[in-house]
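Participant: what follows is a predicted protein model with its sequence.
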Amino acid sequence: MTELPLIGEAVAVAAHPRLTGAKIGVVTFPGTLDDRDAARAVRLAGATPVELWHAGTTLGDVDAVVIPGGFSYGDYLRAGAIARFAPLMSKIIDAANSDARLPVLGICNGFQILTESHLLPGSMIKNDHLKFMCRDQVLRVENNTTAWTGDYAAGQEITVPLKNQDGQYIADEKTLDALEAEGRVVFRYVGFNPNGSRRDIAGISNAAGNVVGLMPHPEHAVEAGFGPELGSGTEGLGFFTSVLNKIVGDNK
């Protein structure tokens, strides 16, 4: 992707020399809004973002994939329902389920796409108040052993922006109980449930921990002075440094 200057005094974090060759794919669908933001977060973390088009038929040599937020195909049928059938999604599904366990992060609409693709269980429906919600949101890290949360402490609270209309996570009680028992609830809303999600769930993972989906937007909390006013304003950057450290660890 085209290089963009860093804003203000923001600088990329000090990257391990082995991270300089890491490549993180960022998928764009018609209606995607946050692909450039996700690419910027990848770059700030020290890796190279790689553009991936929804109609593509190969992932190339990327080490991980981010499915960013937006309104893929306008959400005309159901949020994420059409994007699930894009040619590139079949490649992502296969890679995520392969022995290599490609790390995949779905943010907001990306989370919706992951549930529609059955890479993650449950579903996303309209917010319980039936309004679009935009606010800074406190999250608690419930699981720091996934590919995308290793740089956080278990129980750590972080603040990242949230903006959604179809953000209510639902699943049957059996599925919810299994997610809890298996430690697959990765993030939970703290202080306020903005959309009525069952059990205050903000994000979950698959059983292997390489696929994570969440509704809030960590890619909007990666530069001091341009993220949430609470905390450092950069508390979303850990998602992207976590996966890079995971890549390094797997390639030792």
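Facilitator: Done, it's in.
Participant: residue ranges with poor pLDDT in this protein?
Facilitator: Regions of the chain meeting the criterion pLDDT under 70 cover residues 1-20, 250-252.
Participant: that one: strands as residue ranges?
Facilitator: With DSSP state E, the ranges of strands along the chain come out as 23-28, 48-53, 64-67, 104-107, 123-125, 133-141, 157-164, 168-170, 185-189, 201-205, 211-214.
Participant: okay, these in a markdown table with mean neighbour count and distance to Ala224 next?
Facilitator: (C-beta placed from N, C-alpha, C; glycine too.) Output for those, formatted as a markdown table (neighbours: other Cβ atoms under 10 Å; distance: least, Cβ to Cβ, whole Å):
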| stretch | mean neighbour count | distance to Ala224 |
| --- | --- | --- |
| strand 23-28 | 24 | 22 |
| strand 48-53 | 18 | 20 |
| strand 64-67 | 29 | 22 |
| strand 104-107 | 29 | 21 |
| strand 123-125 | 20 | 31 |
| strand 133-141 | 19 | 15 |
| strand 157-164 | 22 | 13 |
| strand 168-170 | 22 | 30 |
| strand 185-189 | 23 | 22 |
| strand 201-205 | 28 | 23 |
| strand 211-214 | 28 | 22 |
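Participant: turn those strands into TSV, including distance to His220.
Facilitator: Converted to TSV, the strands of the chain look like this (distance: least, Cβ to Cβ, whole Å):
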stretch	distance to His220
strand 23-28	14
strand 48-53	16
strand 64-67	13
strand 104-107	9
strand 123-125	19
strand 133-141	9
strand 157-164	4
strand 168-170	20
strand 185-189	15
strand 201-205	15
strand 211-214	12
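Participant: before I go, just wanted to say thanks for your time.
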